[in-house]
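Need coordinates for the following:
(chains A and B)
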Amino acid sequence: MPMLDKMLERYYASRLNTLAVTAACLGVLGGFIRIFWFTPIDSYQGVVQKIFYIHLPCAIGAFTAFFGVFVASIAFLAVRKDVFDDLASSLAEVGVACCSLVLITGPIWAKPAWGAYWTWDNRLTTTLILWVLYVGYLLLRHLSLESEQGKRAAAVLGIIAFLDVPIVRMSVKWWRSIHPSVLSGRKGAGLDQPMAETLWISLVTFLFFFAVLLVERFALARAKTLLKKVRMQMEVC
Amino acid sequence: MSTLTATWALVQRDFMIEARSKEIFIPLGLFCLVLLLLFVFSLSPLPDQSRQLFPALYLTLLALSGILALEKAIERERRDDGLYGIVVSPVGLSSLYLGKTFSTLAFLFMVGIVSLPVFIAFLGLSLTWLQLLWVVWVEMLFLFGFSALGTLMTLLSWNVRARHVLLAVLLYPLMIPPLLASSSLMRQGLNGRFEMGSGWGSLLVGFDLLYFGMGLLLIEHVLEE
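This is a model prediction of the structure:
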């Protein structure tokens, strides 16, 4: 897609990327300041509850990225444009990074809240399975040496692996779980006003950070693909 | 050649090769037995625990053996360029997928049936005929999903380095929901509840159909070249 490549070229030529990266980093820093200095401490769980403001945006980031992999994989199989394959691989990397953060922050919060770093709860287990699946997806991409067949295999896996996401989402409802169902439709996730505001701020700042990260990774993947094409053309010549 | 005829021809072919080479059935049965011995020795379950342990142990060992069956079947095709031959023949890719899925299901089902009395004897279980039939029924449903997804995943990792490890890494996480549903259904059956309409029954049948449908839908993309 030359138009998208031109847009990326302009984005970098006008130094917008520097602005975006700086804004994203400052946003996350600002979010941290808001979380740790300007948000009241939870009367029941104490200071450890503040990890929730990081844990939830990471979880939303991971699920959104994996949904993106699913859509980009279908698009790749339908039209066979490299741009969708590059997008899927970039989204998977960002998704795995977010999911890893979820699996790191979760146990840190769980130890004081539940008394153990890990329990074989359905939500936790299905999230771990999800992480393993997408690490497997990245491994498949790496081991198939970016061949055409490897790209197709990755797209097929990207579609199948997404099946786990609804299970993770619904596991709290289907099975008894000690994990709270945060996105249950309650206004502000049932939090007090300042806490709900902090949650929204951290959601916006973290998701913006992940989006900037995705653009950077996608631009790199596009550059790599274009370079490969140029090399192939040179070999033909 | 209709899809059904081609599928039946491929299943017959796999059975004929297996009858001559005996590469899958006997080694798989023995592997299952060795794993059972290892688990029983290391867990040393009490009679009460054996009844609770049996469904998960039985299905897990079948899944572990199943991956060997999948690998062996594809290794055989690789060795003789058999897969290439099938792909370029008038047999459609969906027939190839169906043939491979059903022959894997048949091999694994036979291994499961043969090893079931050994499991019952080693774990000291006493089952009624109805419970036995229930176990076999649930096992078949589990193995159907396993074969459907396993065949797709094996063909998916066909040309990939370290495919043996990768197959396990990709297949087992996706098999956890069906495994959970099947072992829960078996446990319910051992406690005298034979309900397929429960949540677990729907989950198992749902995943079976989903994996089978995905396989049929995506096989064209996996084996395009």
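
Looking at the helix or strand hosting B:Arg51 now, give me its mean pLDDT.
For B:Arg51, the element it lies in under DSSP states H and E is helix B:47-80. For helix B:47-80, the mean pLDDT works out to 86.

Give the other helices and strands that that helix contacts.
For helix B:47-80, the contact count by 3 or more Cβ pairs under 8 Å, 6 or more residues apart in numbering or on different chains; DSSP states H and E identifies helix B:3-21, helix B:25-43, helix B:82-88, helix B:93-123, helix B:129-156, helix B:163-190 as packing neighbours. Yep, even glycine has a C-beta here, placed from its N, CA and C like the rest.

Now the phi/psi pair for B:Met196, please.
For B:Met196, the backbone dihedrals are phi -90, psi -20 (criterion: degrees, to the nearest 10).

What are the neighbouring residues in contact with it?
B:Leu185, B:Val205 (Cβ atoms under 8 Å, 6 or more residues apart in numbering or on different chains).

Got the confidence number for it?
We have a pLDDT of 80 for B:Met196.

wait, doesn't B:Glu77 sit right on B:Glu71?
No. Between B:Glu77 and B:Glu71 there is no contact, the gap being 10.9 Å when judged by Cβ atoms under 8 Å.

residues from chain A in reach of chain B?
Within reach of chain B by Cβ under 8 Å from any Cβ of the partner chain, chain A has these residues: A:77, A:125, A:129, A:132-133, A:135-136, A:139-140, A:143-145, A:147-150, A:152-153, A:155-157, A:159-161, A:163-164, A:167, A:174.

Write the PyMOL selection for whichever of those are buried.
Command for PyMOL that selects the buried part of these, burial taken from 16 or more other Cβ atoms under 10 Å in any protein chain shown:
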select buried, chain A and resi 77+125+129+132+133+135+136+139+140+143+144+149+150+152+153+155+156+157+159+160+161+163+164+167
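
mind listing what's buried in the host helix or strand of A:Leu101?
Assessed by DSSP H and E, A:Leu101 sits inside helix A:82-114. Within helix A:82-114, the residues that count as buried by 16+ other Cβ under 10 Å are A:82-99, A:101-103, A:105-106, A:109-110, A:113.

same deal with stretch B:106-125?
Residues of stretch B:106-125 classed as buried: B:106-109, B:111-112, B:115-116, B:119-120, B:122-123, B:125 (neighbour count, 16+ other Cβ under 10 Å).

quick check, distance from that stretch to the centre of its chain.
From the chain centre to the centre of stretch B:106-125 is a distance of 14 Å (Cα atoms, centre = their mean, to the nearest Å).

who touches it?
Contacts of stretch B:106-125 (Cβ under 8 Å, 6+ apart): B:11, B:15, B:18, B:24-25, B:28-29, B:32-33, B:36-37, B:40, B:45, B:47, B:50-51, B:53-54, B:57-58, B:61-62, B:65-66, B:69, B:127, B:132, B:135-136, B:139-140, B:143, B:146-147.

what about 7 Å?
Contacts with stretch B:106-125, where a contact means Cβ atoms under 7 Å, 6 or more residues apart in numbering or on different chains, come from B:24-25, B:28-29, B:32-33, B:36, B:40, B:47, B:50-51, B:54, B:58, B:62, B:65-66, B:69, B:127, B:136, B:139-140, B:143, B:147.
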